[in-house]
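Engineer: Mind folding the following:
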Amino acid sequence: GGQAMSAAAPAAAVSPTPRHRRHHRRRTSWRGRLAASSSAPASTSGRDGPSSSRKTTATARSVKLVEFYAGMGTMRWSLERALESDAGASVTALASIDNSEVANAVYLANYPDENASGVLMRRNIEHLSSVETLDARFGGADVWTLSPPCQPYTRKGKRLHGDDPRAGSFARILEALPKLRAPPERILVENVVGFESSETRRALVAALDEAGYVWREYHASPVDIGVPCTRTRYYALAKRMPLSFVDHAEDPRSRAIDCFALIGWSAEFCPTEKPVRHNLATTDRPTTSRPRPRRIAEYLERPVDDASLAVEAGTVERYWRWLDVVSPSCVRCSTFTSGYGKTVYGGSVLASDAFVAEHCDVDVGTGRARLAGPFKGEWAGEMRYFSPREVANLHGLDAGWRLPSRELTRRQLWFTVGNSISVDVVAVLMRQLMRD
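Structural biologist: Alright, predicted model coming up:
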């Protein structure tokens, strides 16, 4: 795929955008926000390491976090973003657990002190899911985040649900939860659409009920809050009573939760007007305060190596019918997966606005563009993959998030970023979770 992109190739917007530059300052705002915790090991070290020049005030709020199935640390990043307006708040990492060497490499690029601190644990969660271990090592945490393996629930998989061996570790955590002496105050669970109809989901809400939690379930996608990337996922938020949810907020950022589809709730939720349980199988999506859709151009980087990112001519010739083609002016792209760059079903490819207008048929309802056949040799070199940085931008990982391109290959970065979460979405959910 060494063909250079032609003059008609998509122009890239200047990066970082003003949005990225604004959040880049946040990267330093977390330095040194160290609040002592009685639990060990624990760390609040930022991505640039602790700063001795800043001291925690007596009124500082330390939120103790345990990330199960931590991936590259984006749940932690989302929580930090959600707490930005909470003066003096900091995130104290008790543990971040994942057995992926690639994901751990990205985690350490952003939280470099966590290897020595013992917070980052490359372990199988099956070995940490007994009641005794959970209480001893993670008891007293404020927040647990869990993104268990999605393969048992994906629509394209075998959908074995709880019978899939990969669902076992999460099932053991759910069995242990009601028995813990020091359970977490708050829980966030993320998985693919389809999880909500599984036996595992029923086990989840049963465990939450038994352990004394109130909970909400959502389907949420970045496009719901104006980000031009489709990535609909299932989320469950839970708070241990007497904590409760604030279902109506004055803060505009907190009201963004209303853009997501509320699909389930615990028995205590009895509003005057009960919300509709939105059905993802239809186009029934909430329209409350939907922000203006942004264009893909805002998330592109410059300069970019068009030649090395070009879609190979053989791939175009063989799979042109299935390529999801977008341009800088588009306000949507398909979900990026861990297979991006390896399979044509792993996410959208980028072309110029002129190319899409001339060579693609656009579905008016969905905005999805497909190449209008028959195959033309001139298409070669006109489309490229999004770079890992651009995929990260679309996932809400601003310019402060480091991608260790010297240590990892492009394919490895695509894999781990494609296997991650939308920080924009999860930050909204975290605000809802943390607000009392």
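Engineer: Who are the contact partners of Cys229?
Structural biologist: Listed by Cβ atoms under 8 Å, 6 or more residues apart in numbering, the contact set of Cys229 reads Pro222, Val223, Arg332, Cys333, Thr335, Phe336, Leu394, His395, Ser422. The C-beta positions use only the backbone N, C-alpha and C, and glycine is treated the same way.
Engineer: ugh, wrong one, I meant Leu323
Structural biologist: Per Cβ under 8 Å, 6+ apart, neighbours of Leu323: Val311, Val316, Val344, Val349, Arg370, Leu371, Met383.
Engineer: I'd like the contacts of Cys229 as JSON lines, with distance to Leu180 and secondary structure appended.
Structural biologist: Output for the contacts of Cys229, formatted as JSON lines (distance: Cβ to Cβ, whole Å; DSSP: H, G, I helix; E, B strand; the rest coil):
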{"residue": "Pro222", "distance to Leu180": "34", "secondary structure": "helix"}
{"residue": "Val223", "distance to Leu180": "37", "secondary structure": "helix"}
{"residue": "Arg332", "distance to Leu180": "42", "secondary structure": "coil"}
{"residue": "Cys333", "distance to Leu180": "41", "secondary structure": "coil"}
{"residue": "Thr335", "distance to Leu180": "35", "secondary structure": "coil"}
{"residue": "Phe336", "distance to Leu180": "36", "secondary structure": "coil"}
{"residue": "Leu394", "distance to Leu180": "37", "secondary structure": "helix"}
{"residue": "His395", "distance to Leu180": "32", "secondary structure": "coil"}
{"residue": "Ser422", "distance to Leu180": "30", "secondary structure": "coil"}
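Engineer: Which one of those residues is nearest to Val326?
Structural biologist: Within the contacts of Cys229, proximity to Val326 (Cβ to Cβ) peaks at Cys333, which comes in at 4.7 Å.
Engineer: nearest to Gly365, of the contacts of Cys229?
Structural biologist: Arg332 (11.7 Å).
Engineer: tell me the strands in the stretch 51-200 of the chain, going along the chain?
Structural biologist: 61-68, 89-97, 120-121, 143-146, 186-192 (DSSP state E, counting those that start in this stretch).
Engineer: So for Met430, which of these sits nearest?
Structural biologist: strand 186-192 (7.0 Å).
Engineer: Arg292 in helix, strand or coil?
Structural biologist: When classified by DSSP: H, G, I helix; E, B strand; the rest coil, Arg292 comes out as coil.
Engineer: Could you check the pLDDT of the nearest residue to it once chain neighbours are set aside?
Structural biologist: Distances taken as Cβ to Cβ, 6 or more residues apart in numbering place Gly226 nearest to Arg292, at 5.9 Å, with adjacent residues excluded. pLDDT for Gly226: 96.
Engineer: any idea how far Ile421 is from Gly226?
Structural biologist: For Gly226, the distance to Ile421 equals 17 Å [Cβ to Cβ, to the nearest Å].
Engineer: which stretches of the stretch 101-250 of the chain have low pLDDT?
Structural biologist: 150-167, 248-250 (pLDDT under 70).
Engineer: ok, now with 80
Structural biologist: By pLDDT under 80, the low-scoring segments of the stretch 101-250 of the chain are 150-168, 247-250.
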